[in-house]
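*Asks:* sharing a model prediction with you, sequence too.
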Amino acid sequence: MSDIDLRAAINAVSDVVQNRPPPLREFDQIYMKTGDMVMQSEFVSRWADSKRLAFVGDGDAISVCVAHMHSQGILETTPSEIVVFDFDERMVNSVNRFAEAHEIPWLSAQLYNCLDPLPPVETFDYFYTNPPWGASNQGSSVHLFMRRGFELTNYRGDGVIVIGDDAELEWTKEVLQSCQSYGLAANYYVSRMMPQLHSYHLDDAPLLRSCNLIFSPLSNGTPASTSTAVDPVDLDHFYGSGLSPEVRYVRDTKLRDPSHASSSDYRFDRF
C-alpha cells in the first residue's frame, strides 16, 4: 500500500458508507469493514489506473471509494472510467447520486442482473466483482459473475474476483479450486493472489476473510460469443442452502435514512 493520508482516506470512505444502502442479507450483501475498504480501494486504484473498469455488482461500494478518494486528492491513481452493473436499484441510485453530488463524471451505475444477457456496452479494459461466494453451490454463483466480467472485457481484460479464503473451511478451498478451473477453461490464469485480505460485518462468521484472486487472459483471450440469459432454476443454492435466485431487481421505492432500511424502502421485481 502506497503512502496516503490515512485520516483523510478513512473520512472519505466514511462519506461513502453513509451514502451506501443498508445490506439485504438474503442476497449475500455483507459489507467489508472500513479499514479493509481503504486498503482495497487503494489497490484497485493502482491496479486499474487509466483503465475502463466495470464492476459486476458492488455492494461494498469500492467503486465509489476509488473515485471519491481520487477526486479528493487522496489517491493519485484512478481508472479513466468506472461503471457499476448491479441488480439493486438502491445501490445504482446511491452511486449515481454520489457521483453527481461530488462532481465525479467518470463514475456511473446502471441496473443489471447477471442472469440476464449483457446490455449493449463498449468493451471494458478490466473488471472487478465480489459475488456470492458459493459455499452451498461449489462456486457456480461465482462463475456466473466471472463470466459476465469476461464478457464485459471481451475475454481480453484482467479481473479481480473477491471470494472467501479461510484455511479452516473446506468449502473456501473447493470454491477457489473451481474458480481457477473455470478461469482456465475460459483461457484465463491466476496471475496473482492476495490471500486472507478482507474482513466483514458477518455475525455468524466474524473471522471469515476473503482474498483477491486476479485473473489475466492467456495471449489475447478468446472472443466471447453473444451474451445469453441464465435460467434461475439452473442455479440451486445461489444465495445459500435452498436459496435460488427469484428476484430480478431490488427496486428503490423512497428516499431513505442511509443508516436504516425498512421494508417500505424497497420492493422486488421477480422472475
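*Replies:* Received the coordinates, thanks.
*Asks:* helix/strand/coil for the closest residue to Tyr200 other than its chain neighbours?
*Replies:* Distances taken as CB to CB, 6 or more residues apart in numbering place Ile30 nearest to Tyr200, at 5.1 Å, with adjacent residues excluded. The C-beta positions use only the backbone N, C-alpha and C, and glycine is treated the same way. Three-state assignment for Ile30 (DSSP: H, G, I helix; E, B strand; the rest coil): coil.
*Asks:* Ile30 is in contact with Ser199, isn't it?
*Replies:* No: assessed by CB atoms under 8 Å, Ile30 is found out of contact with Ser199, at 10.6 Å.
*Asks:* so in this protein, which strand runs the longest?
*Replies:* What stands out as the longest strand in the chain, according to DSSP state E, is strand 188-199.
*Asks:* the residue nearest to Tyr200: neighbouring residues, count only.
*Replies:* Applying other CB atoms under 10 Å, we find 20 residues neighbouring Ile30.
*Asks:* list the buried residues in the longest strand of the chain.
*Replies:* Neighbour-count burial for strand 188-199, counted by 16 or more other CB atoms under 10 Å, picks out 188, 194, 197-198.
*Asks:* tell me the contacts of the residue nearest to Tyr200?
*Replies:* By CB atoms under 8 Å, 6 or more residues apart in numbering, Ile30 lies in contact with 23, 59, 200-202.
*Asks:* and if we set it to 10 Å?
*Replies:* 23-24, 59-60, 130, 132-133, 200-203, 205, 208, 210 (CB atoms under 10 Å, 6 or more residues apart in numbering).
*Asks:* before we move on, what about Cys114?
*Replies:* Going by CB under 10 Å, 6+ apart, Cys114 touches 56-57, 85-87, 129, 131, 141, 144-149, 229-230, 235, 238, 245.
*Asks:* how close does it get to Asp86?
*Replies:* Remark: distance between Cys114 and Asp86 (CB to CB, to the nearest Å) = 10 Å.
*Asks:* which neighbours do those two share?
*Replies:* Going by CB under 10 Å, 6+ apart, residues that sit against Cys114 and also against Asp86 are 56-57.
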